[in-house]
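Chemist: need a structure here:
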Amino acid sequence: MKAEFSAHRPWGRSLWRPLPWSVAAMLAGAVLAAPAPAQALARVGKAAPAFSVKDEQGKKHRLADYRGKVLVLEWTNPECPFVKRHYRKKTMTRLAKAFGGREVVWLAVNSSHFNKPADTRAWRRQQGLPYATLQDPGGKLGRAFGARTTPHMFVIGPKSIVRYVGAIDDDPYGENDKPKNYVKGSLQALLAGKDPRPAKTKPYGCSVKYK
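Modeler: Predicted coordinates for the structure are as follows:
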């Protein structure tokens, strides 16, 4: 929604004003934290759920393929205002490119029941994404990891152990000029042989649109 109606009508005309971004986000189904799916298996300090899922090009990705690397999984939905804001600011793409040559693999995941590979291909071209998006319309992967929101971030260490789960940063509504990026901090810590701190935060965004 782009505008709201104003009750004031000077000169016999109605006035239209842009909705605050935070209001638009809430109308789109935003949540600061939602209950995790009951069968969620991803826990910090525990082995990540194994998976074998195709991306928008039909290429299969398995968790085992990335053993020995740090893997970032980013739950996404191009229709979500939170996702749109982060992509306008290039939050994810800049981070993925910055760490891409340092034994870090970044993959998005779309668990929206209505998503089609063609939709993802168009989004990737539009945004210039340097990474693939795993196609999960049935929600199996999302539920296995306990993905609640878009975005919802999971960082998996070289031994396939979950090392960080939660929000991309500490700025849900884009009000901070210098937000703390939790994923960046986690990647820096892991590449330096340290434990991420914090290892878990509350995710924010739109609810994952499971079937």
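Chemist: what's the first-to-last distance across stretch 58-72?
Modeler: With CA to CA, to the nearest Å as the measure, stretch 58-72 spans 20 Å from end to end.
Chemist: what residue is smack in the middle of this structure?
Modeler: The C-alpha lying nearest the average C-alpha coordinate of the chain belongs to Pro151 (CA atoms, centre = their mean; 2.6 Å).
Chemist: for it, give its distance to Ser186.
Modeler: Distance of Pro151 to Ser186, given as CB to CB, to the nearest Å: 14 Å. To be clear about C-beta, it is placed using only N, CA and C from the backbone, and glycine gets the same treatment.
Chemist: buried sites along stretch 127-145?
Modeler: 129, 131-137, 139, 141-145 (16 or more other CB atoms under 10 Å).
Chemist: distance from it to the middle of the chain?
Modeler: 9 Å (CA atoms, centre = their mean, to the nearest Å).
Chemist: please export the alpha-carbon coordinates of it; CSV is fine.
Modeler: Output of stretch 127-145 as CSV, limited to C-alpha atoms (Å, rounded to 0.1, in the frame of the first residue of the first chain):
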residue,chain,number,x,y,z
GLN,A,127,18.7,-7.3,-7.9
GLY,A,128,21.9,-8.6,-9.4
LEU,A,129,22.2,-11.3,-6.8
PRO,A,130,25.6,-13.0,-6.6
TYR,A,131,24.0,-16.1,-5.0
ALA,A,132,21.3,-18.7,-5.7
THR,A,133,18.0,-19.1,-4.0
LEU,A,134,16.9,-22.6,-2.9
GLN,A,135,13.3,-23.3,-3.9
ASP,A,136,11.2,-24.6,-1.0
PRO,A,137,7.5,-24.0,-1.8
GLY,A,138,6.5,-27.0,0.2
GLY,A,139,8.2,-25.6,3.3
LYS,A,140,10.1,-28.7,4.2
LEU,A,141,13.5,-27.0,4.5
GLY,A,142,12.1,-23.9,6.3
ARG,A,143,10.3,-26.0,8.9
ALA,A,144,13.4,-28.2,9.4
PHE,A,145,15.4,-25.1,10.2
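Chemist: quick one: mean pLDDT over that stretch.
Modeler: Across stretch 127-145, the average pLDDT comes to 97.
Chemist: what's the answer for stretch 106-123, then?
Modeler: So the average pLDDT for stretch 106-123 ends up being 98.
Chemist: pretty sure Thr133 is touching Thr76, no?
Modeler: Yes. Thr133 is in contact with Thr76 according to CB atoms under 8 Å; the separation is 6.7 Å.
Chemist: pretty sure the residue nearest to the centre of the chain contacts Phe82?
Modeler: Yes. With contacts counted by CB under 8 Å, Pro151 reaches Phe82, the gap being 6.6 Å.
Chemist: overlap in contacts of the two?
Modeler: Gly205 (CB atoms under 8 Å, 6 or more residues apart in numbering).
Chemist: look up how far Thr76 lies from Lys84.
Modeler: Spatial separation of Lys84 from Thr76 under the definition CB to CB is 10 Å.
Chemist: neighbour count for those two, which is higher?
Modeler: Thr76 (29 against 18; other CB atoms under 10 Å).
Chemist: contacting residues for that one?
Modeler: Thr76 is in contact with Val83, Ala108, Val109, Asn110, Thr133, Thr150, Pro151, counting by CB under 8 Å, 6+ apart.
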